[in-house]
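> sharing a model prediction with you, sequence too.
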Protein chains: 2
Amino acid sequence: MAHLIKEIGRFQEFLQKQGLKLTGERTALLREIFSTHYHFEADELLFKMKEKGAKISRATVYRTLELLVKSGMVRRVHLGEDHYHYEHVTGNSHHDHLICTTCGGVIEFNDPILEERQHEICAKKKFTPTFHNLQILGVCDSCTKKGEQPDAPDRVQMIQTASLRLRK
Amino acid sequence: MAHLIKEIGRFQEFLQKQGLKLTGERTALLREIFSTHYHFEADELLFKMKEKGAKISRATVYRTLELLVKSGMVRRVHLGEDHYHYEHVTGNSHHDHLICTTCGGVIEFNDPILEERQHEICAKKKFTPTFHNLQILGVCDSCTKKGEQPDAPDRVQMIQTASLRLRK
DNA sequence: GTCTGGACTGAGACTCAGTCTCAACTAACA
DNA sequence: TGTTAGTTGAGACTGAGTCTCAGTCCAGAC
């Protein structure tokens, strides 16, 4: 778990700069996030902590996630439409998501050409970008092989949330 | 308002196919959406209807929006992170959004090169896309001219919701 | 050692968008 | 007129996320 020491150090450094403290609860959450989860929800994290016997409240989970997002170590993403998901940031790799509306699976990708084109569009519109968010919804290879049909495009907006919920 | 007759006709046709009826409430909502709103929230629409003296309940607003989305005449988009926004669809033009985190303004764009690249990425990953969603957050030209500074990229995720709320 | 101020915590109340339920209503049609 | 099925409003409900507040912790000051 040598890499977790590094992550904890980074978080502590960030906290100290703000006059904040690295507490037992914060460390426990950090460990949980970086050792097992990848994409997760706040309440799922809370549940996992309780399962492990750690007494950590909802409020602390949300407060700590906020700090982790501010520190840049965790990203807020939305894979469905209805509420936030989180993912920890390892290294610095920005990426976007392909989301299978059938199985709820998430495929990450990072495409420099796409990023470059976005910058060109912003330049043309005299818009200074700071952050972007791209989700492509559809059906993944393995679901296609199982014979799943992609939903009609008009319908995907209505069903995507339901599909993602199935995954829990 | 000749174009509204066309819209109402399209909606009625959709409803009839499902054995549903075009009621006064549904017509009133359709008129409101297509005559004045562009990007709007469900509760904002409800408020506008009440302001005009139309007695329409929250449940009916949500139910009608769901039908309109299913019919393809209205799209659900998320401009901020916290809840849905809706936009009516005129013609068939798909587009994405540049969202100013300072003034909450929304600029639409449609870029075939970007779309094409997304399809290439999906093909490479053997993913069958049905729908996508791209928001680029940043600072628009007029805010930049007013001297607004873009927020540090790490922070944008935390502030975007708040900024959009200011716009109401 | 103990004081003190400020950060931290858990419990639970609260908010707010969105959903659901249910009884009353309405339109279509035999 | 009776039947059937879709529609509606009111308000209860849900669930993610936020806020409040009293109590706890802890590092530095005395």
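Nice, I can see it. Numbers count the residues shown, from 1 in each chain, chains lettered A, B, ... in the order given.

> residue at max distance from the center of chain A?
residue A:124 (30.0 Å; Cα atoms, centre = their mean).

> run through chain A and note the low-pLDDT ranges.
Low-confidence segments of chain A (pLDDT under 70): A:1-3, A:80-81, A:91-92, A:150-168.

> and it, what are its domains?
Using automatic domain parsing, the domain ranges for chain A come out as A:2-88, A:96-166.

> now do the longest one: distance to the chain's middle.
Think domain A:2-88. 11 Å (Cα atoms, centre = their mean, to the nearest Å).

> longest helix anywhere in chain A?
helix A:2-17 (DSSP state H).

> which residues are contacting it?
For helix A:2-17, contacts defined as Cβ atoms under 8 Å, 6 or more residues apart in numbering or on different chains pick out A:21-22, A:26-27, A:30-31, A:34-35, A:67-68, A:70-71, A:73. Where C-beta positions appear, they are placed from N, C-alpha and C, glycine not excepted.

> so does that helix get close to DNA strand D?
No: applying Cβ under 7 Å from any atom of the strand, one finds helix A:2-17 out of contact with DNA strand D, separated by at least 10.6 Å.

> quick one: residues contacting the nearest residue to residue A:127 once chain neighbours are set aside.
Distances taken as Cβ to Cβ, 6 or more residues apart in numbering or on different chains put residue B:98 closest to residue A:127, at 4.9 Å, once the chain neighbours are dropped. Residues near residue B:98 by Cβ under 8 Å, 6+ apart: A:121-122, A:125, A:127, A:129, B:106-109, B:135-136, B:138, B:140.

> before we move on, which element is residue B:98 in?
Assigning secondary structure by DSSP states H and E places residue B:98 in strand B:96-100.

> check the gap between the residue farthest from the centre of chain A and DNA strand D for me.
34 Å (Cβ to the nearest atom of the strand, to the nearest Å).

> please apply the same query to residue A:110.
Distance of residue A:110 to DNA strand D, computed by Cβ to the nearest atom of the strand: 24 Å.

> again, but for residue A:58
Residue A:58 is 5 Å from DNA strand D, by Cβ to the nearest atom of the strand.

> what segments of chain A are strands?
Assigned by DSSP state E, chain A shows strands spanning A:39-40, A:74-77, A:85-88, A:96-100, A:106-109, A:128-139.
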